[in-house]
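Colleague: Starting from these lines, generate the structure:
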Amino acid sequence: MQPNDPMPGTYNEGKDFKSIRGGSTIIITGEKGIGKTTLLRKVIERSKRRFCGIISERFERGYYVEDLKTKEKIMLCSEDPIGFKFRRFYFDPEALLFIKKSLKRKRMGDVLVYDEIGYLEVEKKIRIWDDIKEPAVLIVRKDLVDVISSEFDGEVFEVKEKNREQLEKVILERIRKW
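Modeller: Have a look, this model is predicted:
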């Protein structure tokens, strides 16, 4: 690796790097099922920082969200009718309130986590933008990275099979420097 070479595993439209230096936001992206949430969980486990916010967990027909402070978990969406339909899932309105409350638990020194920003957030079916405060680690759908990264001053990392373990170390180091 040469001195000016990009950090392996970061993102830029087909290349491996995009860095908007100076901010305290890390955006993690990658293909569906590549291990974005698993990587984030490992970072949270290994970091000495406190985290708040939400992390998602897929199940056969939908997703749960977990509040990182309280450890409470609730079903966010399902292919089965549980609330309002948006794209392919039905969303529980109570889960959206749960997310808002979770984001408001951020205290001084906490790193905010939001897993995963998708069309629900971009199309403002849930209003989270006023609650996303740096420092933050955001997981973002790959097809929305450009939209989201234009709003935050930070770095975008694309998870790939070949870079997952290395990215864990890189992201931990970035968080340590905040």
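Colleague: and the spatially most central residue of the chain, what is it in contact with?
Modeller: What sits nearest the mean C-alpha location of the chain, by C-alpha atoms, centre = their mean, is Ile139, with 2.1 Å. Neighbouring residues of Ile139 by C-beta atoms under 8 Å, 6 or more residues apart in numbering: Ile27, Ile28, Thr29, Lys36, Thr37, Leu40, Ser56, Tyr114, Asp115, Glu116, Ile117. C-beta: built from backbone N, CA, C; applies to glycine.
Colleague: Wasn't it part of a strand?
Modeller: Yes. Checked against DSSP: H, G, I helix; E, B strand; the rest coil, Ile139 lies within a strand.
Colleague: mind giving me CSV with the contacts of Ile139 and columns for secondary structure, distance to Glu151 and neighbour count?
Modeller: Listed next are the contacts of Ile139 as CSV, based on DSSP: H, G, I helix; E, B strand; the rest coil; distance: C-beta to C-beta, whole Å; neighbours: other C-beta atoms under 10 Å:
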residue, secondary structure, distance to Glu151, neighbour count
Ile27, strand, 10, 26
Ile28, strand, 15, 26
Thr29, strand, 14, 23
Lys36, helix, 19, 25
Thr37, helix, 21, 19
Leu40, helix, 19, 24
Ser56, strand, 20, 19
Tyr114, strand, 12, 22
Asp115, strand, 17, 22
Glu116, strand, 16, 22
Ile117, strand, 10, 21
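Colleague: For the residue nearest to the centre of the chain, name its beta-bridge partners.
Modeller: Assessed by DSSP bridges, Ile139 has beta-bridge partners Ile28, Asp115.
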